[in-house]
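Peer 1: I would like the atomic coordinates for the input below:
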Amino acid sequence: MERFEKALGGLEITDKRTMEKTAPFPKRFLEASQDLQRALTPLNASVHAAASRSNTKPGSAMTSLHWV
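Peer 2: Residues are numbered from 1 along each chain as shown. Next up is the predicted model:
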């Protein structure tokens, strides 16, 4: 699960409790996309996916966009 918690860190999600609750979802998403890729490969098709998050730090007017 640490791999998925690190990915969430790439989205600037650093709260431990939130990470623990959220980390299983990217894992399931990865497994589902791998299954879909296996089904699409014989059809010469593929899966592309990303997760993103925008946030603004307190006191800043700039919004940051993070992708994984």
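
Peer 1: Give me the buried positions along the longest helix along the chain.
Peer 2: When the chain is scanned for its longest helix (criterion: DSSP state H), the result is helix 24-40. Buried residues in helix 24-40, counted by 16 or more other C-beta atoms under 10 Å: residue 26. The C-beta positions use only the backbone N, C-alpha and C, and glycine is treated the same way.

Peer 1: what's the average pLDDT for that helix?
Peer 2: Regarding helix 24-40, the rounded mean pLDDT is 93.

Peer 1: what residues does that helix touch?
Peer 2: Helix 24-40 has contacts (C-beta atoms under 8 Å, 6 or more residues apart in numbering) with 1, 4, 7-8, 46-47, 49, 51, 68.

Peer 1: Go again with 7 Å.
Peer 2: With contact meaning C-beta atoms under 7 Å, 6 or more residues apart in numbering, helix 24-40 is reached by 1, 4, 7, 46-47, 49.

Peer 1: dump the residue contacts of residue 64.
Peer 2: By C-beta under 7 Å, 6+ apart, the residues touching residue 64 are 54-55.

Peer 1: Against residue 55, how distant is it?
Peer 2: Distance of residue 64 to residue 55, given as C-beta to C-beta, to the nearest Å: 6 Å.

Peer 1: so residue 17, which of the three states?
Peer 2: Counting by DSSP: H, G, I helix; E, B strand; the rest coil, the backbone at residue 17 sits in helix.

Peer 1: same deal with residue 58?
Peer 2: At residue 58 the chain is in coil, as set by three-state DSSP.

Peer 1: what's the burial count for it?
Peer 2: The tally of other residues near residue 58 (other C-beta atoms under 10 Å) stands at 4.

Peer 1: try residue 51
Peer 2: Residue 51: 14 surrounding residues under other C-beta under 10 Å.

Peer 1: so it makes contact with residue 22?
Peer 2: No: in this structure, residue 51 is not within contact of residue 22 by C-beta atoms under 7 Å, at 10.4 Å.

Peer 1: what residue lies at the spatial centre of this protein?
Peer 2: residue 51 (4.3 Å; C-alpha atoms, centre = their mean).
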